[in-house]
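Enquirer: please find the sequence and the predicted model below.
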Number of protein chains: 2
Amino acid sequence: MFPPILKKISLFLQRLPGIGEKTANRLSLFLLKIPEEDLKIFGQNLIDLKRKIKFCQRCFNLSEESLCQICSDPKRDHKTIIVLETVLDLLSFEQGNIYQGVYHVLHGKIDPLNRVSADDLKINELVNRLKKEEVKELIIATSPDMEGEATAYFIKNRVKKEIWPQKKIEITRLAYGLPIGANLEYADYMTLKKALEGRRNLL
Amino acid sequence: MFPPILKKISLFLQRLPGIGEKTANRLSLFLLKIPEEDLKIFGQNLIDLKRKIKFCQRCFNLSEESLCQICSDPKRDHKTIIVLETVLDLLSFEQGNIYQGVYHVLHGKIDPLNRVSADDLKINELVNRLKKEEVKELIIATSPDMEGEATAYFIKNRVKKEIWPQKKIEITRLAYGLPIGANLEYADYMTLKKALEGRRNLL
């Protein structure tokens, strides 16, 4: 028995992932406590969102300009490219200032069961980019599952075939192993296997 | 490295209860997949929300009119009032068509530690309402904790003192006991104690 406008807001929130009816109702009521001016700005941002956001022409990150903030930053190392599945993966890398290169967002992984083929991803765009730009290293950071592995190998093979005859770009893959802070007890055996295979000398 | 408008949307979402940075980022990206027209309607609803929503003059439920949908429904039993702490409690009762009476929303419970006194709640308004309206039963459904109990007893005493000399309104409290579908193994001992005290003959 929400008033109509609250009902509409709650129903909209229920379309978001992980938000059920009870949570949506609770959030709707909480919105009533937020200053009117802030709600107004947020509402206007939502209205403008899709018009303002486009893909970066170079790396397919989200951007309000034709080049994203990363691609248009001259202080970054444009010769090192991390290839990622999603923009959320990119955000993970950007936390903590651990990487100074640039990115290429595939927007998915090759996944025949869900009818995602290589042509649905930004792989042709990556190959064209490598032909045009001066790149030293390609770090393939697709997810460590079957589809992510297949995508990584597909990209590696295309780069070897189409780019290496002209220029030799180093192709690497992220290390697999135990996550920092993890407890051996809770690690799955595949992670343990990879950690064992990738073991390094203690110097 | 979200574009500015997405960053603003994510920061706003992080103000909502239970939504951290990662969830807010994920929700912001999900909003990009929602049709522009739907985003526009939702954004406009947010902008209109605070202007449109007020309290029902009678029961202090949220409403777009001076009387809420429940208070203005002639088919409901206006002689039975459930006294509740929050609008969310009211929504719980309204699910499943289990109750045909009306409500009175206190907007909190007496809680001295958090500086909430009886005067901060809609208790005076309840007493005035009982003086004016023809009421048969008052079902006090404040929460089964110390503050909820104190609030219930405070209301009971005021009604006895101020209303009963003129008219005798029945005052009841919700039954305490095991929730339906619960497993004895997981019930806390206070609930078990209340369930034992309130046991009934199997006829």
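Expert: Good, I have the coordinates. Just so we're clear, the structure is a prediction, and the values are computed from it rather than from any experiment. Residues are numbered from 1 along each chain as shown, chains lettered A, B, ... in the order given.
Enquirer: pull out the buried residues from stretch A:186-194.
Expert: Judged by neighbour count using 16 or more other C-beta atoms under 10 Å in any protein chain shown, the buried positions of stretch A:186-194 are A:Ala187, A:Thr191, A:Lys194. (Each C-beta comes from the backbone N, C-alpha and C, glycine too.)
Enquirer: A:Ile82: which element?
Expert: Per DSSP states H and E: A:Ile82 is located in strand A:77-84.
Enquirer: tell me where chain A has helices.
Expert: Taking DSSP state H as the criterion, chain A carries its helices at A:4-13, A:21-31, A:36-52, A:87-94, A:123-132, A:146-162, A:189-197.
Enquirer: any chance of TSV for these, columns distance to chain B?
Expert: Listed next are those as TSV, based on distance: least, C-beta to the nearest C-beta, whole Å:
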stretch	distance to chain B
helix A:4-13	5
helix A:21-31	5
helix A:36-52	4
helix A:87-94	5
helix A:123-132	19
helix A:146-162	19
helix A:189-197	21
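Enquirer: can I get those helices in TSV including distance to B:Val116 and mean pLDDT?
Expert: As requested, these are arranged in TSV below (distance: least, C-beta to C-beta, whole Å; pLDDT from 0 to 100):
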stretch	distance to B:Val116	mean pLDDT
helix A:4-13	24	96
helix A:21-31	17	95
helix A:36-52	24	95
helix A:87-94	40	91
helix A:123-132	59	97
helix A:146-162	52	95
helix A:189-197	50	82
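Enquirer: need those in JSON lines (columns: distance to B:Leu178).
Expert: JSON lines is the format used below for the helices of chain A (distance: least, C-beta to C-beta, whole Å):
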{"stretch": "helix A:4-13", "distance to B:Leu178": "30"}
{"stretch": "helix A:21-31", "distance to B:Leu178": "21"}
{"stretch": "helix A:36-52", "distance to B:Leu178": "42"}
{"stretch": "helix A:87-94", "distance to B:Leu178": "43"}
{"stretch": "helix A:123-132", "distance to B:Leu178": "58"}
{"stretch": "helix A:146-162", "distance to B:Leu178": "47"}
{"stretch": "helix A:189-197", "distance to B:Leu178": "42"}
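Enquirer: quick check: phi and psi at the residue positioned nearest the centre of chain A.
Expert: By C-alpha atoms, centre = their mean, the mean C-alpha position of chain A lies nearest to A:Thr86, the distance being 2.4 Å. Dihedral pair for A:Thr86: phi -140, psi 160, per degrees, to the nearest 10.
Enquirer: for it, list the residues it contacts.
Expert: The neighbours of A:Thr86, taking C-beta atoms under 8 Å, 6 or more residues apart in numbering or on different chains as the test, are A:Val105, A:His107, A:Gly108, B:Leu29.
Enquirer: by neighbour count, which of those wins?
Expert: With neighbours defined as other C-beta atoms under 10 Å in any protein chain shown, the most crowded of the contacts of A:Thr86 is A:Val105; it has 25 neighbours.
Enquirer: can you tell me what sits against stretch A:156-176?
Expert: So stretch A:156-176 is in contact with A:123, A:127, A:130-131, A:135-141, A:144, A:152, A:191, A:194-195, A:198, going by C-beta under 8 Å, 6+ apart.
Enquirer: buried subset of those residues, written for ChimeraX?
Expert: Burial among the contacts of stretch A:156-176 is assessed by 16+ other C-beta under 10 Å; the matching ChimeraX selection reads:
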select /A:123,130,135,138,139,140,141,152,191,194,195
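Enquirer: so how far is A:Leu27 from A:Lys33?
Expert: Taking C-beta to C-beta, to the nearest Å as the criterion, A:Lys33 is separated from A:Leu27 by 11 Å.
Enquirer: these two: which is more packed in?
Expert: A side-by-side neighbour count of A:Lys33 and A:Leu27, using other C-beta under 10 Å, places A:Leu27 first with 20 against 8.
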